[in-house]
Each structure stands twice: as C-alpha cells, then as structure tokens.
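# Please find the sequence and the predicted model below.
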Amino acid sequence: MENNYSFKDVETKWQKKWRTKGFNLPLTSYNNKYYALTMFSYPSGDKLHIGHWYNYGPADTYARFKKMMGYSLFQPQGFDSFGLPAENYAISNNVHPAESTNSNIKTMKRQLDSIGAMYDWDNEIITSSPEYYKWTQWLFLQLYKNNLAYQKEAMVNWDPVDQTVLANEQVLADGTSDRSGAKVLQKPLKQWFFKITNYADELLNFDQIDWPNKTVSMQKNWIGKSVGASIDFNVENLNEKIQVFTTRPDTLFGVTYLVLSPENPLVDKLITNNYKDCVLEYQLKSADKSDQQRLDLTKEKTGVFTGSYAINPINNKKIPIWIADYVIMSYGTGAIMAVPGHDERDNEFAKKFNLPIMIVVRDRIDSNEKSPFFGHGYCINSDFLNNISTKSAIEKIIKWLEDNKVGEKYINYRLRDWLVSRQRYWGTPIPIVYDPNGNPHSIPEKYLPWELPDDVEYKPKGTSPLGSSKELINRTEKIFGKGWRPEIDTLDTFVCSSWYYLRYPNAKYSDGPFDPEGLKLLPVDCYIGGSEHATMHLLYARFITKALRDFGYLKFGEPFTKLYHQGTITKDGSKMSKSRGNTVSPDKFIDKYGSDTFRAYLMFMGPFDEGGDWNDKGITGIDRFLKKIWRFCHLPENKYESDKKDLRILHKTIKYVSNDLNEMKFNTAISKLMELINHFSNHHSISKSIKSNLIKMIAPIVPHIAEELWEVLGSSGSVFEEEYPKHDPQLVEEDTARIAIQINGKLRGNIEILKSLGEKELIIEAKKQNNVNIHLIDKTIIKEIIVPNRLINFVVK
Ligand code: ANZ
C-alpha cells in the first residue's frame, strides 16, 4: 500500500464505510444549513453516463467543500421515476413498468455509489412510489380547490406514434415530437391545465435569486410579456365584434384588413356562401400544423377571404376580413388588425393577395420616405396623431379607445397554462372522479394515494390505458356509487418534479407532503443541473412554490436561491448521444483509473459551466497527479520548521483553491494543486502540517484517496469532519508591488518592484522607464511624491 496507490482497495473501502456509517449526520443547526441539490435522474435502464457524472461528481465536490467550510450540509438524491421512457421500455421489453423501474433504480444506485457522493440516502425520493405520489395528488387537489387546476377542451399536440398529447415544449421547431420523432398533429381534447398564467407577472421577477443570466432571459422570453391594446372592430351587417390584440395601436389609421386565426370560433359566422368551401378547406389544412410551424417567418404566407367586412373604429373605413394560419388562436385574441405598411408579416401577405398598403409611420420627423417601415418613428396620415412619436401616440390612442369604449390597454403573455394531463399509464393518477352526469369531483384526501391500477392494458391505443382497468372502475363505484367513473388520464411527470425538493428533508414524513420542521432547510441553497430545464421544470417549480406559499404552506416564494448549469461533455465536438453512436461509458475508465481520477479529470477538462471535449489521453495526467499525491503523503516526516518559501506557496494555494472551489472553478483549482505538488517534487521529507493541509485541500475533489491518506497520517475520524484550511494573509502577501508612475499627475508608466526597494532606488528605476524618460527631457524635477507600494509622481516645471 505504501508505495503503490491501489485505488480499487481504497475506493471500495471508503464507499462501504460511508454507506454503513450513514455519512450524513443529522442536522443540528439550521442557522448554518446548506441545502445542495442536483436535478434527480430518470432511471431509464441505461447505465449512468458521462452526463450524470458531470452533474453529480463536481456537484458533490462543491457540497463537500461547503461542508468543510463549516456548513451543515444536506445533499439528498432520488429518482424521477414516472414517465414515458420507463413505459416505452416496459412495453418493448414486455415487463411491467414498476418492475423495470425498480430494477433500474437498483442498478443506478449501485452506479451512483461508485461516484462516492455524499448523499443522504435515508431521505431518498422515488416519485412513482405511492408514498410520494399520494402527495403529488394532494398538490393537484390544492390547486383544484384554489381554482388553479381546471379542465378545458383544447387543441393539443398529438403524437401519433406514442399516441399521446405532448406539451408545447416537447414539440421541436420542425413540428416533430422530441420523444418519438413523429410529425405532431393537432387534435381537440378535454384536458387538465394548471393556471401558471396567474403568476406570469410574478414569475418575471428574479430579484431574490442568483441565476445564470441566460436562464433568466430564457424564462422572460418564454413568459413573453407584451404591452399593447385590445381593439374592437364591428362586423358590417352582423351583430358581432372582432377583438384584436396589437402592440402597435398607434398604427390604427394604417389598418387595411383584419385576419382571424382559422380556428377562431367567429369564423363560422363570418363566412358568406360564396367563400364557404375554400374557407373550410383552408381550416382543415391548417389544423395539421403546429403553432411553431405556423409562426415560422420564412414560411410563405397563405390565407383566404371570408366574404365579410369590418369597420375600423377610428375612421369608419370598411376593411375585408381574412383568415390565415400566421395568426394563431392561442395568442392574444386569435385575431389581428393588419398593418401592411409597418408589420413585416402583414406586408408579405398584402403583397401576395393584392391588399392595400398604407404608410402611417416614418422613421424621422423630417423624412419624406413613403415606403414600408417596420419600427418606431413618427405618425403621418393619422389625423390627431400626426407628427407625434409612435411611443406617445400609443398612449394617446389607448386613451381615445377607452374614452370611446372600443378598446383598452391590454397586457398579453406568451406563456400558456400548463397542460398536465397525459393519456398514458405510467404516471400519477389524477385524483378526480365523475358523477353519473359527468361532473368532476375531488377524491377526498382519506382515499389517497389513489393507486395506479395494475390490471391495465398499458400499450397505447389512443385512449388512456387506465380506462381498461376493471379494478379502477369497481373501486370508484364502490366508494362513490353506481355510475361514477374515474378520471383515466395521469399527470405529466413535470408535476412530480415540481415539488420534490420540499419533501427531501424528511422524505418519510407521513402527516403531509412536507415536514414543517424540515422546511427550515429550504429554500435550496444551490441547485445544479442541465440548462435544458430552463423553461419547463425550472419555471414549474417556481410556480408551484409561489402557489403553495399563497395557500399558506410556505414562507418563501422561490425554491432555488442559486442555480448553476453544468456544461456538456462532447466527443469530437458534438454532443454525446446514442443515436450518433459517440457515447463514452465511464465504467471502463473507472475500472482502469478509479472514481477519484475520473471525477477529477472531468473537472479538469474545462470550466464547469462550459464542459469540454472528451479525450482519453488526458486522464493519465490526473492519474499521475494522484500517484504523486500518494507518494508525497508517504514521504518521511520532517521535524523542522517548514521553509518560509514552502509555507508561502502552501498558503497561496490554499487561498486560490478555496476561492476557486467557492466559484466552482474546479479546473483552475486542480491546476493550482498540481503546481503545489510540483513545487515539492524534489523534497525528501515533508512536515505533517503541510501534508495535512494538502489532504484537506484535495478532499472535496478526490474524496476516497483523501480519506485514506488522512488515515495514513494517523488522524482519527473522517477528513470531511475537518475544517477546510484557511490561508495566513501575511504569508500570502506579495513581495513585489506594481507602481504607477506619474508626471504632474498624468500616468506615464508602470513598474514592478521589490517591496524592499528604497526610495532612492525607486526614483532611479522609475526615471529609466521609456515613456517617463521622454517626458522628463528638458524638464526640471521640483519634487517626487511617493505613495509606498502604489505610485510615484514627479512634479516638473
Ligand atoms: C398591428 C401591428 C402593427 C402589429 C405593426 C405589429 C406591428 P408580440 O410583440 O410578439 O406580442 N399578433 C397579435 N396576435 C397574434 C396572433 N394570435 N397570431 C399572430 N400574430 C399576432 O406581437 C404582437 C403583435 O403580433 C401584434 O401587434 C399583432 O400584430 C401580432 F406595425 O398588430 B400587431
């Protein structure tokens, strides 16, 4: 053992010890708590891959570092185990999803052990277990009771291969499903929604949290707040009004036609006999396209005339009403006023269908430009708005609309309510039953968990698999009465993960979804996970936290104080994926080099938020580094006082490494440690104190070897019970200083000097500097002003 580092023995030994000892001590002080969380994983049957490692390894290093910095650490782990992949896996392998999920969890736990992370397995969460989903159902009922869950007939994205509804976020830009790859169709269905839109404004406020700017702006865009006006247009010869939403009410004088979305319910009333056939045909054609496809700006514009006309309220002009698929039903009011002089899409459309184009805005007040212009400027051809800026015209026209009762200020959000029902088996059953008249009722809490039935034909057949369960129908009738029917949809898995962080502190708590005492650990201090969750999971979790706060269960409104996204590890420049066939399995490397080396290598590859390109060769460098550390700690003990130079290097390293770890700059922390080891490479003996500082410093990065060396050093207990070393500021202070050289107060140069340099020598050195030298020619120095270690100023005549 002494000369050769055998990582296999060391790593198995410590993993076993950590597990049996129950590494996480009970939390004694909430004042000093640190709740470190990583996004929990999906037990999909695949092995733990580099992506998992890259999330969990460095995150554990950060957590261990926080613990050594004196925090009471809480780092739980669990499984997001409901959902489509498990169900699809089960279908193709002909096993029950519960069975495959459980065996996958077992495998994954074993693999997670190999990372050697400091998880509190006593508080594990498995979202597909009845003890957990009981409370997901409770959450649904709270939202329902508070009018934040409702049912609505809606056009939904239908995946014809997986035979299920998809959330908008699951439809890719090219209109295919992110799961099956099938072309997504539109289909009307009665669905359950959560009213996240009630929180749209509050979700735009990020003041309380420290999140990556990119994620904040992605959420802001996703919520998409647009301020404008709604305007009512009367339909000629029909007692109907068309309400449009516009962000440019200042262009009202330039409206030359209206466009309704093909699905707008008003369309049926507007079609005149001559146009019936082509309107119906057009409606059918657009039903197949997803909103994303329809909004694509590069797409050629299509549309048809309805035969009806509307009246512009501002000038009583008669304008035609069209339908076109570039207007979507789910945004604004599903109808627009078209201003082809100043809106690009309307412009293209008008040109194609020969509709009039009017110019009502010019870019500068003095310009004579009369061509289409897509921006803000000054109003023309607009009666009482002429010559005022479009920005002030917006206010003026809104006042006019409100005074004349034909419109008002209107704030629109791109954010839609969250569609939570799924026509699949492997999910949380929605705790709702229907009376014989078809009215929905909450299932009383005493019947929760409302268990997922077993006798189900779970292969998708277009309707929800739960409908085939006799047990579920019998159960419902027995409790509620004859003719009562259960809800057969299940909940989106994002519902399970929208609240799990609240239950972790006491995951076995049975009196409620979360232990009020455990809530003292919240909010999560640092959440680490992939940036692909920017708009779904991370927005849903914020919404649910705010809703639970408003129901009186929580005292905080943000779940994750600090958020960090790890980068991606690529292979030859592209993202690792099974379909590309470029995945790298960690197992081979762990087997050859060990878990510590693998973890440290991942961290060394590049900045944690950027990731890096996988290259097998580099890992040997880390392997050598660990071997050097091993030898270093086995060098004979030096009884003498350490050399000042050695101490200086040690303390500088402590300073930089702890700063780096605190900012998750793992790669630079590791290089500083390498420099330290190199500095000592020609030493034949080392003091115990230097060894002990080094072991503590490396411990969060390579935990197994550190524990072993800590034992070798003769210390008792775990190195993670120790405090992280602190640097001695005096030892870190630099010997040299950078001095600014001024002439009559003007900066003329800089010079690096030894702090011990005397004033006379400093003046001589400063005068020698090129630029200074030139400016002193033919001048008389009257005085030298010196601020020690900072600057020298020559006052000249
Ligand atoms: C007239 C107008 C004139 C417009 C102009 C723009 C420029 P954002 O900023 O994204 O919210 N719009 C409204 N509802 C729509 C729908 N259901 N489908 C497609 N387009 C819709 O965009 C708001 C603008 O998008 C609105 O302002 C409307 O066009 C269009 F010079 O109205 B505007």
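All right, it came through fine.

# Mind checking what helix or strand follows the strand or helix carrying Thr12 in sequence?
Thr12 belongs to helix 7-21 when assigned by DSSP states H and E. Beyond helix 7-21 on the C-terminal side, the first helix or strand identified by DSSP H and E is strand 33-38.

# how distant is the helix holding Thr12 from the center of its chain?
34 Å (C-alpha atoms, centre = their mean, to the nearest Å).

# Pull out the buried positions in it.
Buried positions in helix 7-21, judged by neighbour count with 16 or more other C-beta atoms under 10 Å: Phe7, Val10, Glu11, Trp14, Gln15, Trp18. Quick note: C-beta positions are derived from backbone N, CA and C, even for glycine.

# For the most centrally placed residue in the chain, give its distance to the ligand.
Most central residue of the chain, judged by C-alpha distance to the mean C-alpha position with C-alpha atoms, centre = their mean, is Ala534 at 2.7 Å. Counting by C-beta to the nearest ligand atom, to the nearest Å, the separation of Ala534 from the ligand is 20 Å.

# same question, Leu419
Leu419 is 18 Å from the ligand, by C-beta to the nearest ligand atom.

# hang on, isn't that residue packed against Thr164?
No: using C-beta atoms under 8 Å, Leu419 is not in contact with Thr164, being 11.4 Å away.

# which of those two has more neighbours?
Using other C-beta atoms under 10 Å as the criterion, Leu419 and Thr164 rank with Thr164 on top: 24 against 21.

# Any chance you could note which residues of the stretch 401-550 of the chain sit beside the ligand?
Asn412 (C-beta under 6 Å from any ligand atom).

# Could you rerun that using 8 Å?
Asn412, Arg414 (C-beta under 8 Å from any ligand atom).

# can you give me the strands for the stretch 401-550 of the chain?
Using DSSP state E, counting those that start in this stretch, the strands found in the stretch 401-550 of the chain span residues 407-413, 418-419, 421-422, 428-429, 432-434, 440-442, 485-486, 490-491, 524-528.

# which one of these lies closest to Ala36?
strand 524-528 (5.3 Å; C-beta to C-beta).

# If we go by neighbour counts, what in that closest one is buried?
Val524, Asp525, Cys526, Tyr527, Ile528.

# Same question for stretch 86-94.
Ala86, Glu87, Asn88, Tyr89, Ala90, Ile91.

# which SS state does the fourth one fall under?
Assigned with DSSP: H, G, I helix; E, B strand; the rest coil, Tyr89 falls in the helix class.

# My understanding was that it contacts Ser44; is that so?
Yes: with contact defined as C-beta under 8 Å, Tyr89 counts as touching Ser44 (6.9 Å).

# In the buried residues of strand 524-528, find the pair that's most separated.
Greatest spatial distance among the buried residues of strand 524-528 (C-beta to C-beta): Asp525 and Ile528, at 10.9 Å.

# any shared contact partners between the two?
Common neighbours of Asp525 and Ile528, counting by C-beta atoms under 8 Å, 6 or more residues apart in numbering, are Ala36.

# tell me the contacts of the residue in the stretch 1-150 of the chain positioned nearest to the ligand?
Taking C-beta to the nearest ligand atom, the ligand has its nearest neighbour within the stretch 1-150 of the chain at Tyr150, 21.8 Å off. By C-beta under 8 Å, 6+ apart, the residues touching Tyr150 are Tyr144, Trp192, Phe193, Lys195.

# 7 Å instead?
With contact set as C-beta atoms under 7 Å, 6 or more residues apart in numbering, Tyr150 has these partners: Phe193, Lys195.

# Also Phe604?
Contacts of Phe604 (C-beta under 7 Å, 6+ apart): Ile622, Asn667, Ile670.

# switch the cut-off to 8 Å
By C-beta under 8 Å, 6+ apart, the contact set of Phe604 is Gly618, Gly621, Ile622, Phe666, Asn667, Ile670, Ser671.

# sorry, back to before: please name every helix or strand in contact with the helix holding Thr12.
Applying 3 or more C-beta pairs under 8 Å, 6 or more residues apart in numbering; DSSP states H and E, we find helix 7-21 packed against helix 97-115, helix 595-604, helix 703-712.

# deepest of these, which one?
Mean neighbours per residue, mean count of other C-beta atoms under 10 Å, is largest over the helices and strands packed on helix 7-21 for helix 595-604, with a mean of 26.

# For that helix, list the C-alpha coordinates in PDB.
Provided in PDB are the C-alpha atoms of helix 595-604 (Å, rounded to 0.1, in the frame of the first residue of the first chain):
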ATOM      1  CA  SER A 595     -13.500   7.000  -9.400                       C
ATOM      2  CA  ASP A 596     -11.400   9.900  -8.000                       C
ATOM      3  CA  THR A 597      -9.300  10.100 -11.100                       C
ATOM      4  CA  PHE A 598     -12.300  10.100 -13.300                       C
ATOM      5  CA  ARG A 599     -14.100  12.700 -11.300                       C
ATOM      6  CA  ALA A 600     -11.100  15.000 -11.100                       C
ATOM      7  CA  TYR A 601     -10.400  14.500 -14.800                       C
ATOM      8  CA  LEU A 602     -13.900  15.600 -15.700                       C
ATOM      9  CA  MET A 603     -13.500  18.700 -13.600                       C
ATOM     10  CA  PHE A 604     -10.100  19.400 -15.100                       C
END
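
# Distance from the chain centre to it, please.
Relative to its parent chain, helix 595-604 has a centroid offset of 25 Å by C-alpha atoms, centre = their mean.

# got it, and stretch 777-784?
62 Å.

# Contacts for it next, please.
With C-beta under 8 Å, 6+ apart as the criterion, stretch 777-784 contacts Ile743, Ile763, Ile792, Asn793, Phe794, Val795, Val796, Lys797.

# Which of those fall in helices?
Judged by DSSP state H, helices contain the following of the contacts of stretch 777-784: Ile763.

# Just checking: the least confident one among the contacts of stretch 777-784 is which?
Within the contacts of stretch 777-784, the minimum per-residue pLDDT falls on Lys797 (89).

# what residues are up against that one?
Lys779, Thr780, Ile782.

# where's the last one relative to Ile739, distance?
Same thing as Ile782. Distance, Ile782 to Ile739, using C-beta to C-beta, to the nearest Å: 20 Å.

# Comparing the two, which residue is more hemmed in?
With neighbours defined as other C-beta under 10 Å, Ile782 and Ile739 compare such that Ile739 has more, 21 against 10.

# Give me the pLDDT for that one.
We have a pLDDT of 92 for Ile739.

# Got the phi and psi for the closest residue in space to it that isn't next to it in sequence?
Distances taken as C-beta to C-beta, 6 or more residues apart in numbering put Ile751 closest to Ile739, at 5.1 Å, once the chain neighbours are dropped. Taking degrees, to the nearest 10, you get phi -150, psi 140 for the backbone angles of Ile751.

# Give me the pLDDT for Ile751.
89.

# Equivalent analysis for Pro26, please.
pLDDT for Pro26: 55.

# again with Ile365
84.

# residues in contact with it?
So Ile365 contacts Tyr378, Asn387 (C-beta under 8 Å, 6+ apart).

# ok, now which ones touch the residue nearest to Ile739?
Ile751 neighbours (C-beta under 8 Å, 6+ apart): Arg738, Ile739, Ile741, Glu765, Ala766, Gln769.
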